[in-house]
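1. next input, structure requested:
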Amino acid sequence: MSGRPGIAGNPVLIGAATILVVLVAVFLAYNANRGLPFVPTYELRAEVPSAAQLVVGNDVRIGGSRVGFVSDINAQRRDDGSTIAVLDLTLERTVSPLPNDSTLIVRPRSALGLKYVEITRGTGSEGFDDGATIPITAATPEPVEFDEVLNMFDEETRDAAATNTTGFGDALAGRGESINTAIGAFRPLLRDILPVAQNLASPETNLRRFFGELGDAAAIVAPAAEAQAELFVNLDTTFGALREVARPYIQDSISGGVPALDTAIRTLPVQRPFLRNAEGLFRELRPGAAALRASAPTIADALEEGTRVLPRTPPFNRRLASLLDELETFAEDPMVPRGLNATTRTLESLDPTLAYLAPTQTVCNYLTLWFRNISSLLSVGDRNGTWQRFIIVATPQGPNSEGGPASAPANGPTVENHLHTNPYPNTAAPGQPRECEAGNEPYLAGRTVIGNVAGRQQAATEGNP
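-> Model (predicted):
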């Protein structure tokens, strides 16, 4: 019985299978850095200041372990005109979700320029969603390139380092025993400096801000450096002059300072009531002083004018003497007090009336408006005289209308045939609401209104003072 030949007996199939296995192995080896196919990944985008020497395929590491690779790099222009790099990161699913307070930095992997992206995982409870963008604010600290480190050691720096090395060697030569003694003495210093270092390292100390503020203070003081140098020179001159009077004058003043302070300790408590009253006086004078500051130019002008007017006052006073004599005679006349008393009673009787009528002008400005309207009434004319301006207002028709005799106030039936009159409108007088009703009351169509309209009107009119 003859059987069918198997795959092992077919060279063509064996060769095809071998080639397929090799192709798959080559494909997997070529894409090893980009992850295996058909394996789910965690995609993120990251903004960094610069992607110099970073290429597609470079590692992404967390804590030194490779967790993904850079799948794409693009440049992006910001609104302020600067340019940043945007990295597409393909990460393992075990990284998801990456806390949103995580930071990243592009670090060198070797001295030859190979780079990788290092992520420092945060501790926040919220994380980046798949496809989210890590902002550029998370790209901290700012990376330092290897060539930037080497560029610090220029020729001037190398010469200075050689000079320092020679100087340190000369300083330490032959001082071994002293150095050993100093090292032994450093132990208490190191023990005592530990709590000091802990206080300085505490976030509450904010030492970083302290040095920043020192730098700002130095920048502010820098323009005044020459002035400060002159200050010390002038101080030296001053103290040199004081050297001549240091003994006995300054010495005696210092010696007498102690008894003076003792006397102040005894007497100042007694002076406290006076000082307290003086403090209250000056506090009460503060508003007047503030007002005086604004009126000081006016007062200065008045005093300047007064210097020219005062020389003229003696002749004026001599002319005024006769007038004062007549006023004295008038004041001594027995009939004058009776006239003043009668005038006082008259004014007292007029006071309620004036108090009632005063708001008509002071609040509602009706008197000024009346004179203005009267003048406007006769303001049109020609060379023969002025004309009175008026307009005829047609009265409504209906029972008891205002067009003729009426037995009762007009009260319809049409909307127009309603009487509206207010013979005593409120003018903000005492006992009345604070309103200027005449000219401000609303017209209630279809209603008969006699007297004050319901509600309160505004306490102002045209040109209200």
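2. show me the longest helix that occurs in this protein.
-> Identified as the longest helix of the chain according to DSSP state H is helix 251-309.
3. packing partners of that helix?
-> The helices and strands touching helix 251-309, judged by 3 or more C-beta pairs under 8 Å, 6 or more residues apart in numbering; DSSP states H and E, number zero. The C-beta positions use only the backbone N, C-alpha and C, and glycine is treated the same way.
4. next secondary structure after that helix?
-> helix 313-332 (DSSP states H and E).
5. the next helix or strand after that following helix to helix 313-332, inter-axis angle?
-> Using DSSP H and E, the helix or strand that follows helix 313-332 in sequence is helix 335-362. Compare the direction of helix 335-362 with that of helix 313-332 by axes from the mean of the first three to the mean of the last three C-alpha atoms, to 10 degrees and you get 110 degrees.
6. so for helix 335-362, what gets flagged as buried?
-> 359, 360 (16 or more other C-beta atoms under 10 Å).
7. next: stretch 386-406.
-> Within stretch 386-406, the residues that count as buried by 16+ other C-beta under 10 Å are 398, 400, 401, 402.
8. after whichever strand in the chain runs longest, next one along is what?
-> Longest strand of the chain, by residue count under DSSP state E: strand 65-77. Downstream of strand 65-77, the first helix or strand assigned by DSSP H and E is strand 83-92.
9. show me what that next one is packed up against.
-> strand 41-48, strand 65-77.
10. what's the shortest one packed up against?
-> To tie it back to what came earlier, the one meant is strand 41-48. Counting by 3+ C-beta pairs under 8 Å, 6+ apart, strand 41-48 packs on strand 65-77, strand 83-92, strand 103-108, strand 133-134.
11. need the pLDDT of residue 111.
-> Looking at residue 111, its pLDDT is 65.
12. secondary structure class for residue 61?
-> Following DSSP: H, G, I helix; E, B strand; the rest coil, the label given to residue 61 is strand.
13. deepest in the core, which of the helices and strands packed on strand 83-92 is it.
-> By mean neighbour count, with neighbours taken as mean count of other C-beta atoms under 10 Å, strand 41-48 ranks first of the helices and strands packed on strand 83-92 at a mean of 20.
14. touching that one from outside, list them.
-> 35, 68, 76, 84-93, 95-96, 98, 104, 106, 117, 128, 130-136, 138-139 (C-beta atoms under 8 Å, 6 or more residues apart in numbering).
15. how far off centre is it?
-> Strand 41-48 sits 38 Å away from the centroid of its parent chain (C-alpha atoms, centre = their mean, to the nearest Å).
16. may I have the strands that pair with it, each with its orientation?
-> strand 83-92 (antiparallel), strand 133-134 (parallel) (DSSP bridges).
17. dump these to CSV, plus distance to residue 463.
-> Output for the strands paired with strand 41-48, formatted as CSV (distance: least, C-beta to C-beta, whole Å):
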stretch, distance to residue 463
strand 83-92, 65
strand 133-134, 65
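18. those: which one's closest to residue 307?
-> For the strands paired with strand 41-48, the distance to residue 307 is smallest for strand 83-92, at 73.0 Å, taking C-beta to C-beta.
19. could you check the angle strand 103-108 makes with the closest one?
-> In terms of direction (the same axes, to 10 degrees), strand 83-92 departs from strand 103-108 by 100 degrees.
20. quick check: which element contains residue 445?
-> Counting by DSSP H and E, residue 445 is part of no helix or strand.
21. per-domain residue ranges of this structure.
-> For the chain, the domain assignment from automatic domain parsing gives the residue ranges 25-150, 355-380+409-465.
22. dump those into JSON lines; add distance to residue 228 as well.
-> Shown next, in JSON lines, are the domains of the chain (distance: least, C-beta to C-beta, whole Å):
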{"stretch": "domain 25-150", "distance to residue 228": "35"}
{"stretch": "domain 355-380+409-465", "distance to residue 228": "61"}
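23. for those domains, which one sits closest to residue 315?
-> With C-beta to C-beta as the criterion, residue 315 lies closest to domain 355-380+409-465 of these, at 41.3 Å.
24. ok, back up a step: output the strands paired with strand 41-48 as TSV; include the columns mean neighbour count, mean pLDDT and distance to residue 249.
-> What follows is the strands paired with strand 41-48, written out as TSV (neighbours: other C-beta atoms under 10 Å; pLDDT from 0 to 100; distance: least, C-beta to C-beta, whole Å):
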stretch	mean neighbour count	mean pLDDT	distance to residue 249
strand 83-92	18	89	71
strand 133-134	18	89	74
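25. sorry, back to before: quick one, which of the helices and strands packed on strand 83-92 is nearest to residue 56?
-> Of all the helices and strands packed on strand 83-92, strand 65-77 sits nearest to residue 56, with 5.7 Å by C-beta to C-beta.
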